[in-house]
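Engineer: what follows is a predicted structure for the sequence shown.
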Protein chains: 8
Amino acid sequence: MKPTVLIVMGSDSDIPIMEESGKMLGEFGIPFEMTIASAHRSPERVAKLAGEAEKNGIEVIVAGAGAAAHLAGAVAAYTILPVIGVPINSSPLQGFESLLSMVQMPPGVPVATMAVGKAGAKNAAILAAEIIGRSDAKVAKKLKMYKERMAEEIESKAKALNKGQRVKESKGQSS
Amino acid sequence: MKPTVLIVMGSDSDIPIMEESGKMLGEFGIPFEMTIASAHRSPERVAKLAGEAEKNGIEVIVAGAGAAAHLAGAVAAYTILPVIGVPINSSPLQGFESLLSMVQMPPGVPVATMAVGKAGAKNAAILAAEIIGRSDAKVAKKLKMYKERMAEEIESKAKALNKGQRVKESKGQSS
Amino acid sequence: MKPTVLIVMGSDSDIPIMEESGKMLGEFGIPFEMTIASAHRSPERVAKLAGEAEKNGIEVIVAGAGAAAHLAGAVAAYTILPVIGVPINSSPLQGFESLLSMVQMPPGVPVATMAVGKAGAKNAAILAAEIIGRSDAKVAKKLKMYKERMAEEIESKAKALNKGQRVKESKGQSS
Amino acid sequence: MKPTVLIVMGSDSDIPIMEESGKMLGEFGIPFEMTIASAHRSPERVAKLAGEAEKNGIEVIVAGAGAAAHLAGAVAAYTILPVIGVPINSSPLQGFESLLSMVQMPPGVPVATMAVGKAGAKNAAILAAEIIGRSDAKVAKKLKMYKERMAEEIESKAKALNKGQRVKESKGQSS
Amino acid sequence: MKPTVLIVMGSDSDIPIMEESGKMLGEFGIPFEMTIASAHRSPERVAKLAGEAEKNGIEVIVAGAGAAAHLAGAVAAYTILPVIGVPINSSPLQGFESLLSMVQMPPGVPVATMAVGKAGAKNAAILAAEIIGRSDAKVAKKLKMYKERMAEEIESKAKALNKGQRVKESKGQSS
Amino acid sequence: MKPTVLIVMGSDSDIPIMEESGKMLGEFGIPFEMTIASAHRSPERVAKLAGEAEKNGIEVIVAGAGAAAHLAGAVAAYTILPVIGVPINSSPLQGFESLLSMVQMPPGVPVATMAVGKAGAKNAAILAAEIIGRSDAKVAKKLKMYKERMAEEIESKAKALNKGQRVKESKGQSS
Amino acid sequence: MKPTVLIVMGSDSDIPIMEESGKMLGEFGIPFEMTIASAHRSPERVAKLAGEAEKNGIEVIVAGAGAAAHLAGAVAAYTILPVIGVPINSSPLQGFESLLSMVQMPPGVPVATMAVGKAGAKNAAILAAEIIGRSDAKVAKKLKMYKERMAEEIESKAKALNKGQRVKESKGQSS
Amino acid sequence: MKPTVLIVMGSDSDIPIMEESGKMLGEFGIPFEMTIASAHRSPERVAKLAGEAEKNGIEVIVAGAGAAAHLAGAVAAYTILPVIGVPINSSPLQGFESLLSMVQMPPGVPVATMAVGKAGAKNAAILAAEIIGRSDAKVAKKLKMYKERMAEEIESKAKALNKGQRVKESKGQSS
């Protein structure tokens, strides 16, 4: 099955973070491709990947990068596909600069910026699914089920916590 | 024509910012609706707007808010539509807290966060067009034209600057 | 005894922090209930918990959350009970965004925000006791004793430090 | 009627901000007293005001201060009444340091911190009302009405915006 | 005379800042060219300008940009010429994000980052002169004279201040 | 009378801020001298001023500077006199960087750092008086009187506010 | 020998940091006393310690505290002795809030703020010595020797590094 | 071979970071010298090193320092050579203050500031090579090769990742 999401990251050290995007897309049954390209070290590769993505059948691009994280913006410069950015915490400034580098895009070229790190990588996949879900009813359905499952998990965790409290109480402990 | 984008903002004082989204959607010929709802002052209205958006034919929701900007996240909690957040600079902390409140969403519920203020409001509309452009070829084409026009405008501005420099030089001025 | 304080947190990973609230309420003899609800993953559960708290006899709600910590604000949106927020340090940005997301509430819906992490969780319980102490003389008395005990502990620690210094001096050490 | 809320501020330059607290308490029919005391310039006055507040019938203390805003903490050190802090934006660092100085209280002595500036001053009064509302049913009722009115205002503003849009549309304007 | 410094900026709104670079280069007698190119709106123009700069006789490139200021990094990706970056204060976040976007370049592709705004634009020209001064003795000499002049100006300002103080004193004023 | 405090600032644009130090020293009857020297533009002047201060009878040096405010540290490097630093808000980053540049001195060379701007300039003079007051009983006495006066001023302002409130009340206004 | 410096800290967990002040004072032969007092948990103890310090022969007070570090300001409120503040890194916000809480004192009550953590604690002792050195020639002499020793240590470390480089080179290693 | 780059750092604890500059210069075949000098602890050594660098044949100075990192600015004050600054993450504030202390230089005295830590140290060497490459064709050629090698490495890493994905897929794993 041809990939509809392209996950690109600035360095192979970003794989442990960006794999979260891959896992989540897998759960939604969305085929994806994962690759490496650096806005600064291989700008032509970025231009080519981004410029050809649409005609290769890609629907959404997810770009993860740390430090002065220009990758998502560089990708967005070359495509009209939605570009989702994941700031990665890999410098002494803790990803804070990566977040600002991604989100403060100038008017004309948006990057859909997610939270720093793994939470952001996972959410990038969910946003990609939400976008794809606009024209793919199966993905939309899976998103609805995922949302319900999240609420149910909270309920079970609440029950487990409640049960733990009662056990403690019955043993005479106050909290 | 039924709106496909819902623009919601936390307060009527946000209108001058969020109008930028409306103007830009207008340029792409995307019908939209603009309304006010507050995550904190009218939570049930937010839940209703977000919960019913999909069945009302909305494809993308744009949410703009200032201060502890929970609106986009509150909307995202009730829908599987893509939600785009615009942090608004309306407190003494200059929108910095609004940016962080929007972008640092927990795993499971993404908000596609844009830059603070007008740049972000404009980009929210472009991202909405990019998403709609995935299934609407006319919008995709307009995006391509918009992208080309941006590059051309840079070229003309560069020429104007260059011309200005030459005029100065011919008059004997050094810069 | 029916709980008068409801402690709610966004995730079960917050339990080690929020237990500090529980322990402290236990010391003041205030019955409490601890549960899990997420503003984004289970918004209806939050609305229900907050909306029904008052009629269930709750006097104060303590809400702890990390990242874009909307939980306390979401709770406050549905109740006229005092809501105390505890920002939790669980993201690469170190709880800084959680603090801002909680404290910068818009006019109309306050969240009584505490310090980030365990110090905040402990203080949330003390503030809850101060509120309950307004109509419960026993709790007020316990608060007075707690305050005196804190001052006494400082005195004993000062004495212990002083003693240690003298011992060092008598052994010929300068500090 | 004897005041039940004491509003204290560090300097008379804070009056334009802290008046928001007064106005709001007035709306809830809560009698209050407003005064000036500085944690650094008149520490004994602060100690006396805070130390005697409870026996003078005060139920809640609201403290507003800018720069290294120690006032709320200094008040809290001398009382078991709930203390609400309002950081004031009056230095080149924009109230950011005042917020941190108030909210990061050490374990044992909470300050219920509000947003920076006028929003915070207004919310301080609402939180005070919520606390007083625990034992004063009239205040609780007014809070419920206030909450409903806020939601209604959002609805009317939304309608006004909607009407404005329709008028524009009927005149042929796109946004 | 062919330009040896290329000044490029992201938008024509940056001209008032970047003119400072031009003025300063003029003082050092260094020919320069000023143009506009946007990393996001005209990426191919940036690639071309940067890629051809060396063979066009450019020795140093100065790049000024605001918001998510990727321009300097995008230029640096395409050249082995020294690239000097000037962060420009043009967003609600006050150029802070532009500074971080420029300075936190990943290993392999440096950007010589200057202070935010006019101070930085002026210093970019001086650094360019320092670089060119390595192989152009006339520029090096001018730099030495400039450095001496700066020290002398401080001396004269100190004298003027001193004189002003004495006049005040002789008139009986204390400071 | 020979000056015992040397006030040095990095630029004549800092005079309006640093005059506050002068005024305050004048109130304490401490003779001072005010001059300009830049750590970067006239390093030898700084070295000379700082190196000779002690033998010229100076007891305390106050140094005010903006941006990367190295002046106070540069002075401290050349003297064993107490050096007081005043960060000045003169860049787009609002003096925040000046504060950090001054206060974060490495072990071995302290700078007694004050608040950003006028408050800091005034306090620098008071700290200088406190230091001089250690060996000059007249200055110590003036400090005590100043401290009492501050407390009294707070009392009068509180009375004025209180009177204003009563007048309002007697006219039937609620706050 | 009676102590001339009082070192006070907010909690016994601050001892490992504040011991650095003690060690350094020991090196200068300045007698000191170290104690614990909390601005919030034992405000009366702080008021007493600060209020009586001068008549007990104390010349300088060093105050170290973390979180909303009010201790130094609370001490300064009660004395005309120079007060030196050491912000301590003990919260998730890394001492950043402690620094701001100490340094941003309002006009009238200065705190001589040092760097965060051990560097600051050491420098507090050196600043205390510089102040005492104004009337104690022996301490002044020791400060001069300390300053010389620091410069010499840098020289020896530079020599050691240089020697290491030569050894490497002679063995054919490139750096 | 005489060194053309001088690497100076504020403390021997900075060696592990600044060695990255040395290694990289070694790769470009640029002879360098590494030494220690502190702007605050040995200001005369800094003045001498910087003041004599040019006549000793140095072309570029790299200065690395942590905390209130004045070293690079202090060096720049004494030379017209290009000075490259590397902020070092060695305090509780994580190098953030070092970055601001270096980059926010006042007009007249630039410091070419790099990223915080090892990335910055490596890039300092590359920028030095770019400057030297302006008059040394061999270095320029090595820079071109280095740039090509970086792009190739990205390609190989992308291939390796791609291969890993295929292997996983052929074994039936989804991501």
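Structural biologist: Yep, it's here.
Engineer: grab the most central residue of chain A for me.
Structural biologist: The residue lying closest to the centre of chain A (C-alpha atoms, centre = their mean) is residue A:124, at 2.2 Å.
Engineer: looking at it now. What's its pLDDT?
Structural biologist: Looking at residue A:124, its pLDDT is 98.
Engineer: over to residue A:166?
Structural biologist: pLDDT, residue A:166: 74.
Engineer: and what of residue A:173?
Structural biologist: At residue A:173, the pLDDT value in this model is 51.
Engineer: how about the residues of chain A near chain E?
Structural biologist: For chain A, the contact set with chain E under C-beta under 8 Å from any C-beta of the partner chain comprises A:10-11, A:38-41, A:43, A:47, A:66-68, A:70, A:73-74, A:76-78, A:91, A:93, A:96-98, A:100-106, A:108-109. No exception for glycine: its C-beta is placed from N, CA and C like everyone else's.
Engineer: which ones among those residues are found in strands?
Structural biologist: Counting by DSSP state E, the residues of chain A next to chain E place residue A:66 in strands.
Engineer: just checking: which of the residues of chain A next to chain E also lie near chain H?
Structural biologist: A:11, A:38, A:41, A:67-68, A:91, A:93.
Engineer: scan these and report the most crowded one.
Structural biologist: The most crowded member of these is residue A:68, carrying 32 neighbours; neighbours defined as other C-beta atoms under 10 Å in any protein chain shown.
Engineer: in terms of contact, does it touch residue E:99 like I think?
Structural biologist: No. Between residue A:68 and residue E:99 there is no contact under C-beta atoms under 8 Å: 10.2 Å.
Engineer: what about the closest residue to residue A:1 other than its chain neighbours, neighbour count?
Structural biologist: Sequence neighbours aside, residue A:31 is the residue nearest to residue A:1 in space, at 4.3 Å (criterion: C-beta to C-beta, 6 or more residues apart in numbering or on different chains). By other C-beta under 10 Å, 13 other residues sit near residue A:31.
Engineer: and chain A, which residues reach chain H?
Structural biologist: A:11-12, A:15, A:19, A:22-23, A:25-26, A:32-38, A:41-42, A:44-45, A:67-68, A:91-94.
Engineer: least trustworthy helix or strand in chain A by mean pLDDT?
Structural biologist: helix A:137-170 (a mean of 91; mean pLDDT, DSSP states H and E).
Engineer: is chain C contacted by that helix?
Structural biologist: Yes. Judged by C-beta under 8 Å from any C-beta, helix A:137-170 comes into contact with chain C at A:150-151, A:153-155, A:157-158, A:160-162, A:165.
Engineer: farthest pair within the ones next to chain H among the residues of chain A next to chain E?
Structural biologist: The most widely separated members of those, counting by C-beta to C-beta, are A:41 and A:93 (20.2 Å).
Engineer: for stretch A:63-75, what is the average pLDDT?
Structural biologist: Mean pLDDT, stretch A:63-75: 97.
Engineer: start and end of that stretch, how far apart?
Structural biologist: End-to-end distance of stretch A:63-75: 8 Å, with C-alpha to C-alpha, to the nearest Å as the criterion.
Engineer: now swap in stretch A:19-38 and tell me
Structural biologist: One end of stretch A:19-38 to the other measures 17 Å (C-alpha to C-alpha).
Engineer: you'd agree residue A:81 is up against residue A:58?
Structural biologist: Yes. The criterion here is C-beta under 8 Å, and residue A:81 meets it with residue A:58 at 6.3 Å.
Engineer: could you find the closest non-adjacent residue to the residue in chain A that chain G sits nearest to?
Structural biologist: Nearest to chain G, among the residues of chain A, is residue A:94, at 10.5 Å (C-beta to the nearest C-beta). Leaving aside its sequence neighbours, residue A:94 sits nearest to residue C:92 (C-beta to C-beta, 6+ apart; 5.1 Å).
Engineer: OK, contacts around that neighbour?
Structural biologist: Residues in contact with residue C:92 (C-beta atoms under 8 Å, 6 or more residues apart in numbering or on different chains) are A:89, A:94-95, A:116-117.
Engineer: ok, residue A:33 next?
Structural biologist: By C-beta under 8 Å, 6+ apart, the contact list for residue A:33 reads A:3, A:5-7, H:162, H:165.
Engineer: hmm, 10 Å instead?
Structural biologist: Neighbour list for residue A:33: A:2-8, A:22, A:49, A:53, A:56, A:58, H:161-162, H:165 [criterion: C-beta atoms under 10 Å, 6 or more residues apart in numbering or on different chains].
Engineer: about what we covered before: gap between the residue nearest to the centre of chain A and chain H?
Structural biologist: 14 Å (C-beta to the nearest C-beta, to the nearest Å).
Engineer: I figured that residue hits residue B:113, correct?
Structural biologist: No. If you go by C-beta atoms under 10 Å, residue A:124 and residue B:113 don't touch, sitting 11.8 Å apart.
Engineer: buried ones among the contacts of residue C:92?
Structural biologist: Neighbour-count burial (16 or more other C-beta atoms under 10 Å in any protein chain shown) applied to those gives A:89, A:94-95, A:116-117.
Engineer: quick check: the farthest pair among the residues you listed?
Structural biologist: Spanning the widest gap among the buried ones among the contacts of residue C:92 are A:94 and A:117, at 9.4 Å by C-beta to C-beta.
Engineer: mutual contacts of these two, please.
Structural biologist: Any residue near both residue A:94 and residue A:117 by C-beta under 10 Å, 6+ apart counts here, and that gives A:66, A:87, C:91-93.
Engineer: out of the residues you listed, which comes closest to residue E:135?
Structural biologist: The closest of these to residue E:135 turns out to be residue A:66 (C-beta to C-beta; 36.3 Å).
Engineer: what's near enough to touch the closest one?
Structural biologist: For residue A:66, the contact set (C-beta under 10 Å, 6+ apart) comprises A:9-11, A:13-14, A:17, A:86-91, A:93-95, A:97-98, A:101, A:116-117, E:104, E:106, H:119.
Engineer: near chain B at all, stretch A:107-116?
Structural biologist: Yes. Using C-beta under 10 Å from any C-beta of the partner chain, stretch A:107-116 reaches chain B at A:107-116.
Engineer: need the residues you listed in JSON lines (columns: distance to chain G and pLDDT).
Structural biologist: Compiled in JSON lines, those are given as follows (distance: C-beta to the nearest C-beta, whole Å; pLDDT from 0 to 100):
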{"residue": "A:107", "distance to chain G": "33", "pLDDT": "97"}
{"residue": "A:108", "distance to chain G": "35", "pLDDT": "98"}
{"residue": "A:109", "distance to chain G": "33", "pLDDT": "98"}
{"residue": "A:110", "distance to chain G": "32", "pLDDT": "98"}
{"residue": "A:111", "distance to chain G": "28", "pLDDT": "98"}
{"residue": "A:112", "distance to chain G": "29", "pLDDT": "98"}
{"residue": "A:113", "distance to chain G": "23", "pLDDT": "98"}
{"residue": "A:114", "distance to chain G": "22", "pLDDT": "98"}
{"residue": "A:115", "distance to chain G": "17", "pLDDT": "98"}
{"residue": "A:116", "distance to chain G": "16", "pLDDT": "97"}
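Engineer: what's the PyMOL syntax to select whichever of those residues are buried?
Structural biologist: Entered in PyMOL, the line below selects the buried ones among the residues of stretch A:107-116 next to chain B, by 16+ other C-beta under 10 Å:
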select buried, chain A and resi 107+108+109+110+111+112+113+114+115+116
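Engineer: next, count neighbours for residue A:3.
Structural biologist: 17.
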